[in-house]
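# Turn this into a model:
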Amino acid sequence: QVQLVESGGGLVQAGGSLRLSCAAFGITLSDYPMMWWRQAPGKEREFVARLSQSGETRNFASYVKGRFTISRDNAKNTVYLQMNSLKPEDTAVYYCNADGSDSFPRRMDYWGKGTLVTVSA
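Below you'll find the model as predicted:
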């Protein structure tokens with residue numbers, strides 16, 4: 001059974017940092033482009049960051065660029081989202097996504113259940 005399990009969320013003051021982890025079971029993350037998304041209360045899910053399948057290319061949403069980084073540890077089969085200089089507007093449930101629709105060869109998409117990040121002013 002495939003599972004993506006996020007962890008590392010919590011309550012942090014504005015200006016602080018958190019590192020989210022996404023551990024995979026049943027799939028190999030290096031076979032997929034990996035993405036982080038987030039959904040704030042009352043809002044639609046939005047893109048945060050993407051790491052290419054090769055691990056060579058990173059893309060970030062404009063609202064997190066320069067503050068967040070994405071990385072992957074193949075040995076641990078885990079993807080990370082390092083979040084620095086957090087703002088109250090970063091408050092959301094963060095989801096990791098193995099983007100099978102954009103992998104080579106194409107595979108199934110997988111999503112985690114999310115981890116809550118709350119940033120206090």
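
# which residues in this protein form strands?
3-7, 10-13, 18-25, 34-39, 46-51, 58-60, 68-73, 78-83, 92-98, 110-111, 115-120 (DSSP state E).

# State the paired neighbours of the fourth one in the sheet, together with their directions.
Applying DSSP bridges, strand 34-39 is found paired with strand 46-51 (antiparallel), strand 92-98 (antiparallel).

# what pLDDT, on average, does that strand get?
The pLDDT scores in strand 34-39 average 98.

# next one: the last one
Averaged across strand 115-120, the pLDDT comes to 98.

# who does D73 bridge with?
Note on D73: beta-bridge partners by DSSP bridges are T78.

# one step back: and G8, which of the strands paired with strand 34-39 is closest to it?
Ranking the strands paired with strand 34-39 by their distance to G8 (criterion: Cβ to Cβ) puts strand 92-98 first, at 8.7 Å. Every C-beta, even on glycine, is put in place using the N, C-alpha and C of the backbone.

# now that closest one, how far from the centre of its chain.
5 Å (Cα atoms, centre = their mean, to the nearest Å).

# residues in contact with that strand?
With Cβ atoms under 8 Å, 6 or more residues apart in numbering as the test, strand 92-98 has contacts from 4, 6, 9, 20, 22, 24, 27, 29, 32-41, 43, 45, 48, 79, 81, 107, 109-117.
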